[in-house]
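> Sequence and predicted structure are below.
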Amino acid sequence: MKTPLPQYQRLRLRLRQTPALHPFHKEALEAWKQGGCRGLVVLPTGSGKSLVGLEAIAHRGRSALVVTPTIVLMNQCYDLLCTHFDQEVGVLGGGYDHVEELTVTTYDSAYLHLERYGNHFGLIHFDEVHHLPGKVYSHAAQMALAPYPLGLTATLERADGRHALLPDLVGPLAHEQGIRQLSGEYLAEYRVEHRQVDMVVEEGAAYETAKAQY
């Protein structure tokens with residue numbers, strides 16, 4: 001099978017709004033750059049991981065695809081890109097098949113369409129990248145020609161162990177900071193409490209079924 005030629009473009013991206021980056025955002029972005037603009041960044045939930053993605057897109061100035069786990073997150077990402085970039089944004093998924101130099105999609109749609117569009121993007125930002133190594137979704141990365149992949153998540157590990165595939169799919173771990181490192185200054189302080197809940201047999205069975213599916 002003949003490998004398709006790259007069709008992604010160099011872009012002159014103008015930021016309508018410049019994200020206010022904290023030092024840990026800048027550290028993560030610099031580490032990704034030092035790794036050849038490819039790799040994984042792990043930051044806690046609520047720390048503003050999406051700002052790293054915006055800056056990565058602006059820095060590389062290439063046609064970019066942002067892949068999200070759900071349609072709700074895809075719509076949020078669409079609004080974020082429209083707010084920050086003076087560039088039309090395409091949508092691939094949720095009933096839309098509109099590809100632009102900046103495009104948002106879901107993992108489901110990426111798997112379905114990247115055989116056709118995989119050579120259109122120079123940068124791919126995998127949001128919640130721990131979803132990517134699934135037996136189906138991993139093909140999305142394999143069908144993409146983008147030389148600049150970025151994977152963002154708060155938790156790399158998967159129960160099935162397939163997170164071990166991420167360095168091959170996206171690149172090595174570039175930067176990681178946990179919630180304990182950022183709480184108190186950038187995130188609210190917290191405490192963890194474990195509460196035991198008694199369930200009847202039927203509830204317990206339903207819980208275990210749902211937990212296995214998750």
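Received the coordinates, thanks. Numbering: from 1, shown residues only.
> would you put the C-alpha positions of stretch 164-176 in PDB?
What follows is stretch 164-176, C-alpha atoms only, in PDB (Å, rounded to 0.1, in the frame of the first residue of the first chain):
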ATOM      1  CA  ALA A 164       3.000   0.900  27.500                       C
ATOM      2  CA  LEU A 165       2.200   1.500  23.800                       C
ATOM      3  CA  LEU A 166       2.000   5.300  24.200                       C
ATOM      4  CA  PRO A 167       5.800   6.000  23.600                       C
ATOM      5  CA  ASP A 168       5.400   4.300  20.200                       C
ATOM      6  CA  LEU A 169       2.100   6.000  19.400                       C
ATOM      7  CA  VAL A 170       2.900   9.600  20.600                       C
ATOM      8  CA  GLY A 171       6.400   9.700  22.000                       C
ATOM      9  CA  PRO A 172       8.200   9.500  25.300                       C
ATOM     10  CA  LEU A 173       7.100  11.100  28.600                       C
ATOM     11  CA  ALA A 174       8.300  14.700  28.200                       C
ATOM     12  CA  HIS A 175       7.000  16.200  31.500                       C
ATOM     13  CA  GLU A 176       5.100  15.100  34.500                       C
END
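> Counting neighbours, which bits of it end up buried?
Within stretch 164-176, the residues that count as buried by 16 or more other C-beta atoms under 10 Å are Leu166, Leu169, Val170, Gly171, Leu173, Ala174, His175. The C-beta positions use only the backbone N, C-alpha and C, and glycine is treated the same way.
> what do you get for stretch 204-214?
Buried, per 16+ other C-beta under 10 Å, within stretch 204-214: nothing.
> who's in contact with that stretch?
Applying C-beta atoms under 8 Å, 6 or more residues apart in numbering, the contact partners of stretch 204-214 are Met199.
> Only C-alpha atoms, please: export it in PDB.
Output of stretch 204-214 as PDB, limited to C-alpha atoms (Å, rounded to 0.1, in the frame of the first residue of the first chain):
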ATOM      1  CA  GLY A 204     -22.800  -5.100  44.400                       C
ATOM      2  CA  ALA A 205     -23.200  -7.100  41.200                       C
ATOM      3  CA  ALA A 206     -24.300  -4.000  39.200                       C
ATOM      4  CA  TYR A 207     -21.300  -2.100  40.600                       C
ATOM      5  CA  GLU A 208     -18.800  -4.700  39.600                       C
ATOM      6  CA  THR A 209     -20.300  -4.900  36.100                       C
ATOM      7  CA  ALA A 210     -20.100  -1.100  35.700                       C
ATOM      8  CA  LYS A 211     -16.600  -1.000  37.100                       C
ATOM      9  CA  ALA A 212     -15.400  -3.700  34.700                       C
ATOM     10  CA  GLN A 213     -17.000  -1.800  31.800                       C
ATOM     11  CA  TYR A 214     -15.300   1.500  32.800                       C
END
